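*Asks:* Structure, please.
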Amino acid sequence: MTLDSDFSYLRQFFERPICQEVASALKNGAELAIQVGADSYALVKSSTGIQLLPRAANSPDITFCLGDNLPRQLHELTTNDVSELGMTLLSWMFNQHPHSQLKASVHLGPTALFTRGYFSILMRGGSPFMQYLSQKGNKSWLNSLRLFQKKK
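*Replies:* Got it, this is the predicted structure:
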């Protein structure tokens, strides 16, 4: 994959109405880091929605590290169902194949995760997503998210 195609795939994915709707729960100014190999992007929330920028995040709330197959796989997802999208993303967190794995590091404490809208995003997945989470067990998905480790 090239920098241009990865960025293009990711930008098109985040511009989808489903992504914009889910991200509407975030506070304006929220910034996430998206890393694919050595390439870094910033996903920034503003009053007009989320936007992927071709630069490293300045002070990310969360860093997502994507296996090099994931930009294309995100681009190819056809679902408009929030639960299904959430379950797909979470399944990639449990994937052991490095080219198709999603890793996340949270740089905020629990209170900030609530006040900035991140837990609201989880709730938008509804009952099917919550059932999927409970099947995976709280400990395993919390460990996958590397919650509360405040890595910078």
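*Asks:* Just the helices from this protein, written as ranges.
*Replies:* For the chain, helices defined by DSSP state H occupy the ranges 3-15, 17-23, 70-76, 82-94, 110-115, 118-123, 126-136, 138-145.
*Asks:* can you list the weak-confidence ranges in the chain?
*Replies:* Confidence mapping of the chain against pLDDT under 70 gives the ranges 1-3, 136-152.
*Asks:* any idea which strand is longest in it?
*Replies:* The longest strand of the chain (DSSP state E) is strand 39-46.
*Asks:* Indicate each strand paired with that strand and its parallel or antiparallel sense.
*Replies:* Using DSSP bridges, strand 39-46 pairs in its sheet with strand 31-36 (antiparallel), strand 49-53 (antiparallel).
*Asks:* Can you lay out those as TSV showing distance to Val82 and mean neighbour count?
*Replies:* All C-beta spots, glycine's among them, are computed from the backbone N, C-alpha and C. Output for the strands paired with strand 39-46, formatted as TSV (distance: least, CB to CB, whole Å; neighbours: other CB atoms under 10 Å):
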stretch	distance to Val82	mean neighbour count
strand 31-36	18	20
strand 49-53	15	17
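*Asks:* mind giving me JSON lines with the ones you listed and columns for distance to Ser91?
*Replies:* Shown next, in JSON lines, are those (distance: least, CB to CB, whole Å):
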{"stretch": "strand 31-36", "distance to Ser91": "18"}
{"stretch": "strand 49-53", "distance to Ser91": "22"}
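*Asks:* Next one: the residue nearest the centre of the chain from Val82, what distance?
*Replies:* Among the residues of the chain, the one closest to the centroid is Phe64, at 6.2 Å (CA atoms, centre = their mean). Between Phe64 and Val82 the computed distance is 18 Å (CB to CB, to the nearest Å).
*Asks:* Next: Ser134.
*Replies:* Computed as CB to CB, the Ser134 to Val82 distance reads 17 Å.
*Asks:* Ok, which of the helices of the chain comes nearest Asn58?
*Replies:* Closest to Asn58 of the helices of the chain is helix 110-115 (CB to CB; 16.3 Å).
*Asks:* Using a markdown table, lay out the helices of the chain together with distance to Leu102 and mean neighbour count.
*Replies:* Shown next, in a markdown table, are the helices of the chain (distance: least, CB to CB, whole Å; neighbours: other CB under 10 Å):
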| stretch | distance to Leu102 | mean neighbour count |
| --- | --- | --- |
| helix 3-15 | 12 | 16 |
| helix 17-23 | 15 | 16 |
| helix 70-76 | 6 | 18 |
| helix 82-94 | 4 | 18 |
| helix 110-115 | 18 | 13 |
| helix 118-123 | 15 | 15 |
| helix 126-136 | 14 | 14 |
| helix 138-145 | 9 | 13 |
